[in-house]
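A.B. asks: Quick one, structure for this:
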Amino acid sequence: FLLPSAAMACSCRPNSAEALRQSADAIVVGRVVDVAREGGRNGTVTARIAVSRRLKGRPPRMVAVETRGNSAMCGYGFAVGQSREFLLVRRDGRYSTNLCLMTGARP
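C.D. replies: The predicted structure follows:
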């Protein structure tokens, strides 16, 4: 229920912050150290996050997190130097997040 639909614009299902936090596989506090884009605007963005605190789960201290390439596809807008809490899901050994899931993150 966390994944956005395949519509033209991102549309998140209404969920409480607590429900989103419970559904996350990992919650970390960290700083984005770099961001790489692959496949243009509709591709994938991968951010490397230096984790300073693990609040849930055991991701590595330097974790790669994938998201969709733009906010219309529910991609989260990572910015180098950004420090905050990140809610992550893990599928096939990879961590990812999206705009909908991040609405449950504390600033």
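
A.B. asks: Going by C-alpha atoms from here, please, whenever you check contacts or count neighbours.
C.D. replies: OK.

A.B. asks: Pick out the residue closest to the middle of this protein.
C.D. replies: What sits nearest the mean C-alpha location of the chain, by Cα atoms, centre = their mean, is Thr97, with 2.3 Å.

A.B. asks: how near is it to Ile27?
C.D. replies: Going from Thr97 to Ile27 by Cα to Cα, to the nearest Å gives 11 Å.

A.B. asks: Common neighbours of the two, please.
C.D. replies: Common neighbours of Thr97 and Ile27, counting by Cα atoms under 8 Å, 6 or more residues apart in numbering, are 86-88.

A.B. asks: Give the closest residue to Val51 in space, chain neighbours not counted.
C.D. replies: Gly30 (4.2 Å; Cα to Cα, 6 or more residues apart in numbering).

A.B. asks: Can you report how many residues neighbour that neighbour?
C.D. replies: A count of nearby residues for Gly30, using other Cα atoms under 10 Å, gives 22.

A.B. asks: which helices and strands sit right next to the host helix or strand of it?
C.D. replies: Using DSSP states H and E, Gly30 maps to strand 26-38. Contacts defined by 3 or more Cα pairs under 8 Å, 6 or more residues apart in numbering; DSSP states H and E place strand 26-38 against strand 44-56, strand 83-91.

A.B. asks: ok and the shortest one relative to strand 26-38, angle-wise?
C.D. replies: I take that to be strand 83-91. Here strand 83-91 runs at an angle of 80 degrees relative to strand 26-38 (axes from the mean of the first three to the mean of the last three Cα atoms, to 10 degrees).

A.B. asks: So which other helices or strands are in contact with strand 83-91?
C.D. replies: Judged by 3+ Cα pairs under 8 Å, 6+ apart, the packing partners of strand 83-91 are strand 26-38, strand 94-96, helix 99-102.
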